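Visitor: structure for this input, please:
(chains A and B)
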Amino acid sequence: MRQLRAWLLRLGGLFNKERRDRELADELESHLQMHVEDNLHRGMTQEEARRQALVQLGGLEQAKELYRERWGLPRLETIWQDVRFGLRLLRKSPSFTAVAVLTLALGIGINAGIFQIFNGLALRPLNLPGSGRVLTLYQTFHLNQGPMHRSVYGSGNLFSYYEYKEYRDQNHVFSGLLSYAPFVEVTLDGERHRQLLGTLASCNYFEVLDVRPVLGRTFVESDCAQSDRGAVVVLSDEMWRNTFAADPAVIGKAVTLNRVPLTIIGVAPRGFAGTEVVPSAFWAPLSIQPSLYSGRELQGDMLADDELSWLQLMGRVRGDFSNAQVLADVKVIAARLDRRHPGFDSKISVATSTLFVRPEEHYLMVGGGAAILLAVGLVLLIACANVASLLLARAATRRREIAIRLATGASRGRLVRQLLTESLLLALLGGALGSLLAFLSFEAVLKFTLSHLPEAFPTLNLSVTPDLRVLAYTLVLTLLTAIAFGLAPAFEASRMDLATQLKDEGAGLQGHQTRGGLLRRSLVGLQIAISMILLLTAGLLLRGLYRAQTLDPGFSLENITAVSTDLANQGYTGGRAVAFRNELIDRVSGLPGVEEVAQASVFPLGSSHHVTQGSIPGHEESQRVELNAVSRNFFATLSIPIVRGRTFSNAEVQTDARALIVTETAARIFWPGEDPVGQRLVLYNRPGNPVYYVVGVAKDAQVSHLGEDHPNYLYIPASADKLEQLHLLVRTTGAGASLKDMRSAVDELDPQLTAKVVRLEDYLEFWRAPARVAAIFSAVLGGLALLLASAGVYGTVSFAVSRRIREIGIRMALGADGQDVMRLVLRQTLRPVLIGATVGIAACAGVSRLLSSFLFGLSSLDPIAFFAVPAFLLAVALLASYLPARRACRVDPMVALRYE
Amino acid sequence: MSDKTEVWQGTLALMILKTLEAMGPLHGYGIARRIEQTSGNLLVVNYGTIYPALLKLEQEGYIDSEWGMSDNNRKAKYYRLTRAGRKHVAKETQDWEQATAILARFLAPGEEHS
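Guide: As a prediction, the model looks like this:
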């Protein structure tokens, strides 16, 4: 306490210094007078008395200095001095300051902006009251033996309804534990049907999240007992505005989702769109799930299936339990659940709720985020190298000032501290400017980017406004930046041999320059290496994008139109669905120019896939396979050749036979070296794990993922009872039926039905868009890096030339010609450039495999990118050093010798 | 000089406080002289160090200062013990006595310490 009081007083002492100085002078003067008087009493002379008094005081000035140190905070005062001095220096060389600050602002700004997005996506707790205390539970299964008897809907980390009830009722750590099924796709009835993404939630959902409705109420216990009659729904603010025109009397009205009428009981507040990255349009109780999906094979009564992962669990921690205590408590429940399932070994984890909290998403986000942050970090490093190079150049012109400071007794540490203060000022100015720009503009940039993605990308429930974490990150980054670009030049500048320095100054000879020169050349090498990495990345991504545009996916996309609709959601089940399909195929086939109409359960290159496990009968080991249920003319329609055997027969399609057509890759995986036709395969795609027999082999085609050359892909016959999702693939002649004709064919059958009618070629955009965004992003970064690096090379060479102008003059006076001089200058710069380029190429070759998902099968060591980019970069570096070097050979020896 | 000792680090503050306790309000010069006298002129006080020490004590709130007139009608700054200062002196004195007592037991010749 006393210490603090004293410290505060000392802090205050920084201000009224003059008054205090005067008072101290008075006090010491009176002290001296008294002492002198005493001494006179002892019989000394006046002169001797004063001298003795001064001696015993230990010198008047020293006493004052001692006192002053105690009075204020000397360390703080010197820092303040350094800051003022630094600011004065920066003001005195405005062009240097402007270039350095802008360079740093660019580097720090881009980092701050990217981190802002990353923070919004992966780190920031949800936008809820007390969100730090809301935890997400997830589980991971390890199978000890036997095949897995567990179905997964959405993510393997989710829970079954039975498990949810166990955790909810048995835990001692949550004040409330909720569950919900994310991304529930339904069809909203109306004049025109509409697809919606919503949430099915447990009764306590809004209570646990502490979200209050702006209109009406949220769920009460009796709502959650209803399965269809009297079922209720809470609308999102967005849906309320868009579908109900913000009608204040909306409460009590009905909406029909998947043909189930629901009563609107409330509207959620504006800022709340669920806890997933895709906003939720509505929330309905979990209890309506069976009626919402009645008549479906895969999504029957999900509540009753104890071995189905489909619910996300989130809880609000009671009191002040720590995450570790929560984990310990839920582990007990997990162990009890495991005992019910012999062979199961589940691992439960908890984490503070964020967007992308489920592990596989989280790792993807963190991994991707780290890669992008690394890339922009590299750009900042180039900026640092540039500013460091500028500082070194400046230090060279300040050598005399520094030498004098050292000569008059400044310690090296003190000098380094002062130079670092200057760097820190630059970094802070740059950081402030950069983050200001980033915070102001990034939201707009993000919106712009998202709006340029194809429609298939949903809008995001994402907040990127800067928070404390972003500010802290930016501040730390700024400080690191200051050290990164300031430390080496500061040490370099303060290390000098005084005697030679003061003597040599102005001689302009190169001798004592070598060490600073080495540092500068290393900086050039570093810049080139980093630019090389970024530009190569950009080059590879652009090549990948080009490949995506020109790729042959192994099937025909031209003149194929897809008509897709979700029949089950819109009330077509069983016989009605089959009748509808047959009618629709007939009508579409009758349109002018239509050649073939094929059917598939999975959309080619679509966003959803049907994944299951397959194994050879009698073998334990199973493989992940993708399935598509197709009509017999599917292969002909998409021009996928059947290379062995045959396509399905009519009988096989009509009787839902266990016939199977495998891809070449699948045949190689399951029966290497054998004839696949006639072989048998167990699939876990439906209850009873049916055994299929292979009737044919289709050529590999990238119908699932663009760029995946060797898909383990299987086709089964499109049977009648699988008609939940209907995709018709229509091949037309060049001048055939238009999209509009096909849409009207659907409308004639059922005007309310929603159907997507797209050309397959257009749908490729969905695949190309991420690659395009990545390519543009890396090209911008690479361009920025190139700009900074070439400015760095240019600056270094022109500085070297200006420092050596005298030497060059002497050489020329002695008979060297322009070419000799050019060679001399270029040789010195091009060495670090070449070393940096080599290092950059090697580093990029080492990590470019990480890009493979953007390359669509292109080799990550693509020779074209790896030849063109370095050639381009070296050409730019050569140009950047040639321009100032040319000045060197035009030196007039007479002028040069008189220089300085 | 050889038989005179410099003031040990950290003890000056206690000497100043003790002096003020014994003498009442006093100016810096007076305090310095008094310390020398009390020590039987065995201690040399560098008078210049008295003032930072006084300032530190004042900042810590153990003493107060006020300008006044000396015996010879000279303007001087007088220092005075505060209530916190008094408490502090009592506590420090006790600590110091304990410390010296312990040390004395080690230094006393021929005595077994068990």
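
Visitor: how about the spatially most central residue of chain B: what's its closest non-neighbour residue?
Guide: With distances taken as CA atoms, centre = their mean, the residue of chain B nearest its centroid is residue B:15 (1.2 Å). Among residues not flanking residue B:15 along the chain, residue B:35 sits closest, at 5.1 Å (CB to CB, 6 or more residues apart in numbering or on different chains). Any C-beta I mention is one placed from the backbone N, CA and C, and that applies to glycine too.

Visitor: and that neighbour, how many neighbours?
Guide: When neighbours are counted by other CB atoms under 10 Å in any protein chain shown, residue B:35 registers 19.

Visitor: by contact count, what packs against the helix or strand where it lies?
Guide: Under DSSP states H and E, the secondary-structure element containing residue B:35 is helix B:28-38. Packed against helix B:28-38 by the contact rule (3 or more CB pairs under 8 Å, 6 or more residues apart in numbering or on different chains; DSSP states H and E) you find helix A:17-41, helix B:12-23, strand B:43-44, helix B:47-59, strand B:75-81.

Visitor: returning to that earlier point: my guess is the residue nearest to the centre of chain B contacts residue B:37, does it?
Guide: No - between residue B:15 and residue B:37 there is no contact, the gap being 11.6 Å when judged by CB atoms under 8 Å.

Visitor: in chain B, what residue is nearest chain A?
Guide: residue B:48 (3.3 Å; CB to the nearest CB).

Visitor: and that residue, what does it touch?
Guide: Residues near residue B:48 by CB atoms under 8 Å, 6 or more residues apart in numbering or on different chains: A:57, A:58, A:59, A:62, A:63, A:66.

Visitor: any idea how far the fourth one is from residue A:402?
Guide: When distance is defined by CB to CB, to the nearest Å, residue A:62 is 29 Å away from residue A:402.

Visitor: compare the two (neighbour count), which wins?
Guide: residue A:402 (20 against 13).

Visitor: next, count neighbours for the residue in the stretch 301-450 of chain A that chain B sits nearest to.
Guide: Closest approach between the stretch 301-450 of chain A and chain B, counting by CB to the nearest CB: residue A:409, at 22.2 Å. Residue crowding around residue A:409 was assessed by other CB under 10 Å; the count is 7.

Visitor: would it count as being in a helix?
Guide: No - secondary structure assignment places residue A:409 outside any helix; it is coil (DSSP: H, G, I helix; E, B strand; the rest coil).

Visitor: got the contact list for the longest helix along chain B?
Guide: Using DSSP state H to assign secondary structure, the helix with the most residues in chain B is helix B:83-107. Identification of contacts with helix B:83-107 by CB under 8 Å, 6+ apart yields B:14, B:17, B:18, B:20, B:21, B:57, B:61, B:62, B:63, B:81, B:111, B:113.

Visitor: quick one: buried residues of it?
Guide: Of the residues in helix B:83-107, those buried by neighbour count under the rule 16 or more other CB atoms under 10 Å in any protein chain shown are B:85, B:88, B:89, B:92.

Visitor: so which pair among the residues you listed is furthest apart in space?
Guide: In terms of CB to CB, those reach their longest pairwise distance at B:85 and B:92, which sit 10.1 Å apart.

Visitor: and residue B:113, what pLDDT?
Guide: pLDDT, the model's per-residue confidence, is 50 for residue B:113.

Visitor: please apply the same query to residue A:477.
Guide: Listed pLDDT for residue A:477 reads 91.
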